[in-house]
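# prediction below, plus the sequence it came from.
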There are 2 protein chains.
Amino acid sequence: MRYDLYYWPMVQGRGEFVRLALEDAGAAYRDVARGASGMARLERFMGQTVRAPFAPPYLKAGKLVIGQTANILLYLGPRLGLAPKNEADQLWVHQLNLTIADWVVEAHDVHHPIGSGLYYEEQKREAKRRAADFLANRLPKFLGYFEAVLAKNPTRSGWLSGRRASTADLALFQMVAGLRYAFPRAMARREKRAPRVVALHDRVAARRGIAAYLASPRRIPFNAYGIFRHYSELDQ
Amino acid sequence: MRYDLYYWPMVQGRGEFVRLALEDAGAAYRDVARGASGMARLERFMGQTVRAPFAPPYLKAGKLVIGQTANILLYLGPRLGLAPKNEADQLWVHQLNLTIADWVVEAHDVHHPIGSGLYYEEQKREAKRRAADFLANRLPKFLGYFEAVLAKNPTRSGWLSGRRASTADLALFQMVAGLRYAFPRAMARREKRAPRVVALHDRVAARRGIAAYLASPRRIPFNAYGIFRHYSELDQ
């Protein structure tokens, strides 16, 4: 199966969680909007599809069109060897991916607390307040949660569920990478209390498919347009 | 199977999406935190479970503990007769539930744009700006999206997917009910352009299990502590 991924071509964004899974597995895929006339294709597709998604990313797999990042990972996981075998474990991994999806919204809303259609500069004052709350309360809560999940995995594998890596492990890697880019000072302090999360990040980064991807031009650098943005005034 | 639902006892909140599915199907379930020592049981359970959820709601089904609202609905849907049969359609219904979950976050963040741990009164000024953006841009976008999904359903059933009601239809009912409570003025204007969504709301409300539930004391009234809150200064 060759997959077609549709996502904004200039940012990692939510599409990155899908890219990481495809790259880790060495799957054949096309990042459609990064090709010729990419944006036009992305938008035309959104308009024409009967079961149109609310927003990118979406994945075309044969006749199937799947939207919502965690839903795409739910579909891809078993097909890419990045999901457990039984239903109970698959629900657990999906639950972790959904918790990361919530975290992504909060990481984004730090710089866009008023409206995603407004510029950062139009909501700077509010962003400063939201950043303070995020870094003091939410960041340690999420990091602590995933640290505990890793500590409580009965297999002590270092992965979030069972003995093998799943899409949720790749997603947690991406959170750490993104948060380090956006909030280097706060993360340097906070990640000390989450050594298992940091170890997981390093282990994912060293996986063959991921290491090759990160070193390639396919990995879009973090920048000032994505979910994770570095504004030093917010990193206190 | 008897289900145990764990959720805050004073509000509809995210738990309501699960309650609606259980009630529609006439399933045997216990709303644990609303019973004797309910809050203590909810919190003890959170602490002890190996695969502890990040936050309520969560559902106990035999040995399984499932967190994240949309994940619970993914599990319950086929078991309660509220999901399509094949994988493609189930992914589509799940995608719609995840889109509603995004909408829920935005409806909540209207009154809590800075931090969920702060009081509304501490973020009133920011809430006013966020409400203006939500009502002008996001509310019409979400309503228009679901209106289009209903219009494009090839079966013309009036349901979101195929010929039968699913957990996503119940969830869309809850969004309309909640938004009408929180923003009566704005919704009166906006819902005129979403007649299919309104018709779906009415049809869900008239379903036997739902009508009985809504008339019962089990339906917690909307109030000033839930996701949907009415502050007249935000409803412009």
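Good, I have the coordinates. Numbers count the residues shown, from 1 in each chain, chains lettered A, B, ... in the order given.
# please, where are all the strands along chain A?
Taking DSSP state E as the criterion, chain A contains strands spanning A:3-6, A:29-31, A:58-61, A:64-67.
# what lines up beside the first one in the sheet?
What it means is strand A:3-6. strand A:29-31 (parallel), strand A:58-61 (antiparallel) (DSSP bridges).
# what's next to it, contact-wise?
Contacts to strand A:3-6, defined as Cβ atoms under 8 Å, 6 or more residues apart in numbering or on different chains, come from residues A:15, A:18-19, A:22, A:27-33, A:41-42, A:45-46, A:56-61, A:76. For glycine as for every other residue, the C-beta is placed from the backbone atoms N, C-alpha and C.
# mind putting the strands of chain A into a markdown table with mean neighbour count?
Below are the strands of chain A laid out as a markdown table (neighbours: other Cβ atoms under 10 Å in any protein chain shown):
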| stretch | mean neighbour count |
| --- | --- |
| strand A:3-6 | 22 |
| strand A:29-31 | 18 |
| strand A:58-61 | 22 |
| strand A:64-67 | 21 |
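# distance between the longest helix that chain A contains and the chain's centre?
Of all segments of type helix in chain A, defined using DSSP state H, the longest is helix A:87-109. Centroid separation for helix A:87-109 versus its chain: 10 Å, with Cα atoms, centre = their mean, to the nearest Å.
# in a markdown table, list the strands paired with strand A:3-6 along with mean pLDDT.
Shown next, in a markdown table, are the strands paired with strand A:3-6 (pLDDT from 0 to 100):
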| stretch | mean pLDDT |
| --- | --- |
| strand A:29-31 | 97 |
| strand A:58-61 | 96 |
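# out of those, which gets nearest to A:K192?
Closest approach to A:K192 among the strands paired with strand A:3-6 (Cβ to Cβ): strand A:29-31, 35.7 Å.
# picking up where we left off before, turn the strands of chain A into CSV, columns for distance to A:K124.
As requested, those are exported to CSV (distance: least, Cβ to Cβ, whole Å):
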stretch, distance to A:K124
strand A:3-6, 32
strand A:29-31, 33
strand A:58-61, 32
strand A:64-67, 32
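# quick revisit: near chain B, anything from the longest helix of chain A?
Yes - residues of helix A:87-109 are located near chain B by Cβ under 8 Å from any Cβ of the partner chain, namely A:88, A:91-92, A:94-95, A:98-99, A:102, A:105, A:109.
# try stretch A:221-232
No - for stretch A:221-232 and chain B, the contact criterion (Cβ under 8 Å from any Cβ) is not met; the two come no nearer than 13.8 Å.
# which residues are in contact with that stretch?
By Cβ under 8 Å, 6+ apart, stretch A:221-232 touches A:10-14, A:104, A:107-108, A:111, A:120, A:127, A:177-179, A:181-184.
# show me which of the residues you listed are buried.
A:11-14, A:104, A:107-108, A:111, A:127, A:177-179, A:181-183 (16 or more other Cβ atoms under 10 Å in any protein chain shown).
# got the contact list for the closest residue to A:A186 other than its chain neighbours?
Using Cβ to Cβ, 6 or more residues apart in numbering or on different chains and skipping residues adjacent in sequence, the residue nearest A:A186 is A:L135, 4.5 Å away. A:L135 is in contact with A:183, A:186, A:190, A:235-236, counting by Cβ under 8 Å, 6+ apart.
# and if you look at A:Q12?
A:Q12 neighbours (Cβ under 8 Å, 6+ apart): A:19, A:174, A:178, A:219-220, A:222, A:226-228.
# where in chain A is the helix or strand with the lowest mean pLDDT?
helix A:38-48 (a mean of 83; mean pLDDT, DSSP states H and E).
# so which residues of chain A form helices?
A:15-24, A:38-48, A:69-79, A:87-109, A:124-133, A:139-152, A:167-182, A:184-190, A:195-205, A:208-214.
# farthest-apart pair in the buried ones among the contacts of stretch A:221-232, please.
Between any two of the buried ones among the contacts of stretch A:221-232 (Cβ to Cβ), the greatest distance is 21.4 Å, for A:A127 and A:A177.
# show me the contacts for the closest residue to A:L20 other than its chain neighbours.
Leaving aside its sequence neighbours, A:L20 sits nearest to A:L170 (Cβ to Cβ, 6+ apart; 4.4 Å). Residues in contact with A:L170 (Cβ under 8 Å, 6+ apart) are A:17, A:20-21, A:24, A:82, A:204, A:210.
# what of A:A21?
A:27, A:73, A:76-77, A:80, A:82, A:167, A:170.
# also A:I210?
Contacts of A:I210 by Cβ under 8 Å, 6+ apart are A:20, A:23-24, A:170, A:173, A:204.
# let me have those residues in CSV, extended by distance to A:L214 and pLDDT.
As requested, these are exported to CSV (distance: Cβ to Cβ, whole Å; pLDDT from 0 to 100):
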residue, distance to A:L214, pLDDT
A:L20, 9, 98
A:E23, 9, 98
A:D24, 11, 98
A:L170, 12, 98
A:F173, 10, 99
A:V204, 10, 99
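# residues contacting the closest residue to A:R207 other than its chain neighbours?
Of all residues not flanking A:R207 in the chain, A:D24 sits nearest, at 6.0 Å (Cβ to Cβ, 6+ apart). When contacts are counted by Cβ under 8 Å, 6+ apart, A:D24 is found next to A:80, A:82, A:165, A:170, A:207, A:209-210, A:213.
# before we move on, what about A:V176?
Here A:V176 is in contact with A:187, A:191, A:197-198, A:200-201 (Cβ under 8 Å, 6+ apart).
# the residues you listed: which two are farthest apart?
Applying Cβ to Cβ across the contacts of A:V176, the maximum distance is between A:M187 and A:L200, 14.7 Å.
# to what extent is A:N153 buried, counted in neighbours?
18 (other Cβ atoms under 10 Å in any protein chain shown).
# ok, back up a step: list the buried ones in the least confident helix or strand of chain A?
Of the residues in helix A:38-48, those buried (16+ other Cβ under 10 Å) are A:38, A:42, A:45-46.
# A:L96 contacts A:A168, correct?
Yes - look at A:L96 against A:A168 with Cβ atoms under 8 Å: they come within range, at 4.0 Å.
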